[in-house]
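Asker: With the sequence up front, the predicted model follows.
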Amino acid sequence: MAYFWIENQNLQESGRLPQGAQPFAQVGPRLLPPQISALHQAFGQWGALGFSPGEIRAPRIWLTASSTPVFQFANGRHPQRLMQVGLARELAAWLVLLDGYMETFVVIARARAQWNVDELAHALVFMTPAYLPPELTNGASAAHQWQRTAQALATAVADGPLAGAPTEQHWKEISRGVEE
């Protein structure tokens, strides 16, 4: 097994987990909204560096105490360079995965602060069972989860970019013709 994560804007690799890292499925139920922001920021660094963390599934993700996601790779595999669509496919799965542990509106609102409308729209294209890992789409609750996330993301994309200063961003409701 090899473990990869981003630290100080560099891709890190180790044969062992970082000190204190815990399985995502164990930490997920205890996540709070500020941690969702930190997770989005850490996940976004993969795209900024041009690497894919691979298939987004809870069993291969670990979280450090500082909310850094660590991705497990088996059989000599390692992160690949992103496809031309960037992090869109991975971001779609990331949002659906987080939606299983946090309210949808928190996951999407925090994503809007991390990624621009175009990046979120590109992720929306991949938010279907054809592209998502089976664990995120199979079963009644999983099917509802990805659909709920896709609908919320579509609404956020339709609303357009955030307006306001970074400390008080709010939605600029373009889709309804009303600006706040």
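Answerer: Yep, it's here. In this text, all values refer to a predicted model and were calculated from it rather than measured experimentally. Numbers count the residues shown, from 1 in each chain.
Asker: Tell me the buried residues in the lengthiest helix in the chain?
Answerer: Determined from DSSP state H, the single longest helix within the chain is helix 140-159. For helix 140-159, the neighbour count (16 or more other C-beta atoms under 10 Å) marks 142, 145, 146, 149, 150, 152, 153, 156, 157, 159 as buried. Every residue, glycine included, has its C-beta placed from N, CA and C.
Asker: for those, which one is nearest residue 67?
Answerer: residue 149 (20.1 Å; C-beta to C-beta).
Asker: Double-check residue 41 against residue 114; I have them as touching.
Answerer: Yes - if you go by C-beta atoms under 8 Å, residue 41 and residue 114 touch, sitting 6.0 Å apart.
Asker: Of those two, which one has the most company?
Answerer: Neighbour totals were compared for residue 41 and residue 114, and residue 114 leads with 17 against 14 (other C-beta atoms under 10 Å).
Asker: and that one, what pLDDT?
Answerer: At residue 114, the pLDDT value in this model is 95.
Asker: for residue 136, same thing?
Answerer: pLDDT, read off for residue 136, is 93.
Asker: List the contacts of it.
Answerer: Taking C-beta atoms under 8 Å, 6 or more residues apart in numbering, we find residue 136 in contact with 56, 57, 93, 96, 97, 100, 142, 145, 146.
Asker: what's around the second one, how many residues?
Answerer: Other residues near residue 57 come to 18 when the count uses other C-beta under 10 Å.
Asker: do the same with the fifth one
Answerer: The burial count assigned to residue 97 is 24, neighbours taken as other C-beta under 10 Å.
Asker: Do I have it right that it meets residue 55?
Answerer: No - counting by C-beta under 8 Å, residue 55 is not a contact partner of residue 97; they are 10.6 Å apart.
Asker: give me every residue that touches residue 124.
Answerer: 92, 150, 153, 154, 157.
Asker: quick one: which of the residues you listed is nearest residue 17?
Answerer: The nearest member of the contacts of residue 124 to residue 17, counting by C-beta to C-beta, is residue 92 at 26.2 Å.
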